[in-house]
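Colleague: Quick one: sequence and predicted model below, then my questions.
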Amino acid sequence: MADIKFEIKESIGVLSESPKGWKKEINLISWNKNTPKYDLRDWAPEHEKMGKGITLSKEELKELRDILNKMDI
């Protein structure tokens, strides 16, 4: 399996934290030196490990925001 390189360009926020210290975060990340995308996933305390997540372009993030704003929660 090839190494995945990433650079966190901006830490936007933490949604939750597990008892073991893993945090569900939303960040702006450049994967393999590509254009940064918005990323939502679990991270180990020092970002040395990551869980599965999703990446979104700015347009996708705006669409998600609009969908969430329409929800009755």
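Modeller: That came through fine.
Colleague: Please give the number of neighbouring residues around Ser57.
Modeller: 12 (other C-beta atoms under 10 Å). C-beta coordinates here come from the backbone N, C-alpha and C atoms, glycine included.
Colleague: Go ahead and confirm it touches Tyr38.
Modeller: Yes. Here Ser57 lies in contact with Tyr38, judged by C-beta atoms under 8 Å, at a distance of 7.5 Å.
Colleague: can you pull out the helices in this protein?
Modeller: 58-70 (DSSP state H).
Colleague: where exactly do the strands run in it?
Modeller: Here the chain has its strands, by DSSP state E, at 6-17, 23-31, 37-43, 50-56.
Colleague: Can you give me the buried ones in the longest one?
Modeller: Right, strand 6-17. Phe6 (16 or more other C-beta atoms under 10 Å).
Colleague: Identify the residues contacting it?
Modeller: Applying C-beta atoms under 8 Å, 6 or more residues apart in numbering, the contact partners of strand 6-17 are 23-33, 36, 38, 40, 47.
Colleague: Likewise for stretch 34-54?
Modeller: Under the contact criterion C-beta under 8 Å, 6+ apart, stretch 34-54 has outside partners 8-10, 12, 15, 18, 21-31, 55-58, 60-61.
Colleague: gap between Leu28 and Glu10?
Modeller: Distance of Leu28 to Glu10, computed by C-beta to C-beta, to the nearest Å: 4 Å.
Colleague: just Ala44 next, same as before
Modeller: 19 Å.
Colleague: Any stretches of this structure with poor pLDDT?
Modeller: 1 (pLDDT under 70).
Colleague: again, only this time at 80
Modeller: 1-2 (pLDDT under 80).
Colleague: Can you tell me who Lys23 pairs with across the strands?
Modeller: Beta-bridge partners recorded for Lys23 (DSSP bridges): Glu17, Trp43.
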